[in-house]
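K.L.:
Predicted structure and sequence below. I'll ask about it afterward.
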Amino acid sequence: MHPAFSIIIFTTLSGLGYGLAAVLGLGLLDPAALATKLAHVLALLLVASGLLSSTLHLGNKQRAWRALSQWRSSWLSREGVMAIVAFVPLAWSAWLAVVESRYSPLPGLIGTALCLVTVYCTAMIYASLKAVQAWHTRLTPLCYLLFAGAGGFTLASFFAFAAQDRTVIIPLLAIFFILAAWSAKSRWRARMQAMVPLSTPESATGLGHIGRVRLLERPHVTENYLTHEMGFRIARKHAEKLWRLAVLAGGIVPAILLALLVLAGASGTFAALVAVVAVLFHYAGMFIERWLFFAEARHAVMNYYGG
């Protein structure tokens with residue numbers, strides 16, 4: 001499928017923001033520290049910027065509000081509703097930390113739970129699509145949640161080091177979630193590469209009992225919406241190179257950097273700078289992973305276009 005950068009930015013930035021907000025809701029960082037105050041502000045900005053970037057993909061942006069009306073049946077609508085609901089405890093927690101320099105478990109834990117629910121709703125937008133067989137698996141929401149946790153704890157590690165907090169819990173959890181996320185994604189990708197297509201030209205046309213179905217002529221001479229959005233293709237050799245780059249940048253490098261900081265017992269400015277590098281590498285790898293998530297997906301409608 002066509003990997004729209006607006007959707008990639010939305011899913012990665014909002015996932016990073018919700019992950020950081022979920023970590024802050026656990027109260028693992030000192031609310032009186034300036035770094036923690038900045039972390040709360042950054043989490044809200046990441047969530048807001050991610051949601052705003054998603055509207056760039058809409059044909060008629062003025063009707064974006066209508067997406068909230070179908071929450072009974074649409075995961076897209078549920079995601080929008082939960083994003084708005086989650087803002088209440090997140091803003092409450094941010095106010096307590098920034099203005100009053102304190103942490104309250106009530107808005108914190110509620111915010112953490114709603115962050116996870118929102119990320120789950122985002123993942124289910126794709127996992128619920130039976131027409132895209134690679135996405136239609138329980139591994140899809142699992143990967144989204146684990147990547148949100150990995151990004152959140154990695155980013156929280158930077159703020160912990162910047163605040164000269166010598167706790168090793170946050171970077172250790174970051175390493176755990178990074179390894180878990182990429183392990184789950186590796187399993188997801190192995191499933192995609194090994195799966196046998198459920199929808200074929202024979203099953204789509206109902207002519208399989210006659211023999212192999214071949215395309216005689218495309219339905220459209222020029223490109224249309226379906227071929228543009230659903231017919232994107234990437235060479236397997238390029239996909240494999242990008243996948244290895246994603247694992248290296250998003251998984252191996254940040255995990256090693258954080259592990260070295262933990263073993264060295266580092267804190268302060270140097271540790272914070274190294275943690276920033278870990279965050280940037282992780283986000284770069286996650287961006288590539290999300291691009292491949294769309295680029296390698298095959299929609300069943302392409303059976304009618306010789307895809």
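P.N.:
Received it, and whenever you're ready, just let me know what you need.
K.L.:
quick one: the residue lying closest to L257 once chain neighbours are set aside and G265, what's the gap?
P.N.:
Spatial nearest neighbour of L257, excluding adjacent residues (Cβ to Cβ, 6 or more residues apart in numbering): A278 at 4.3 Å. C-beta here means a position set from N, CA and C on the backbone, and glycine is covered the same way. Here the criterion is Cβ to Cβ, to the nearest Å. By it, A278 lies 17 Å from G265.
K.L.:
got the contact list for the residue nearest to L257?
P.N.:
A278 makes contacts with T154, S157, F158, V253, P254, L257, L258, as judged by Cβ atoms under 8 Å, 6 or more residues apart in numbering.
K.L.:
Quickly find the element holding it.
P.N.:
helix 269-295 (DSSP states H and E).
K.L.:
Could you pull out the buried residues of that helix?
P.N.:
Neighbour counts over helix 269-295 (16 or more other Cβ atoms under 10 Å) mark 271-272, 274-276, 278-279, 281-295 as buried.
K.L.:
Next one: the residue lying closest to L248 once chain neighbours are set aside relative to G151, how far apart?
P.N.:
The spatial neighbour of L248 that comes closest, neighbours along the chain excluded (Cβ to Cβ, 6+ apart), is G285 at 7.2 Å. According to Cβ to Cβ, G285 stands 10 Å off from G151.
K.L.:
Also D165?
P.N.:
19 Å.
K.L.:
Tell me where the model's unsure across the stretch 101-250 of the chain.
P.N.:
200-205, 215-222, 224-233, 235-236 (pLDDT under 70).
K.L.:
just the helices in it please.
P.N.:
Ranges of helices within the stretch 101-250 of the chain are 105-127, 139-162, 169-194, 201-205, 225-230, 236-247, based on DSSP state H, counting those that start in this stretch.
K.L.:
Let me have those in CSV, extended by distance to R78 and mean neighbour count.
P.N.:
Output for the helices of the stretch 101-250 of the chain, formatted as CSV (distance: least, Cβ to Cβ, whole Å; neighbours: other Cβ atoms under 10 Å):
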stretch, distance to R78, mean neighbour count
helix 105-127, 5, 21
helix 139-162, 13, 27
helix 169-194, 22, 19
helix 201-205, 30, 15
helix 225-230, 23, 14
helix 236-247, 28, 14
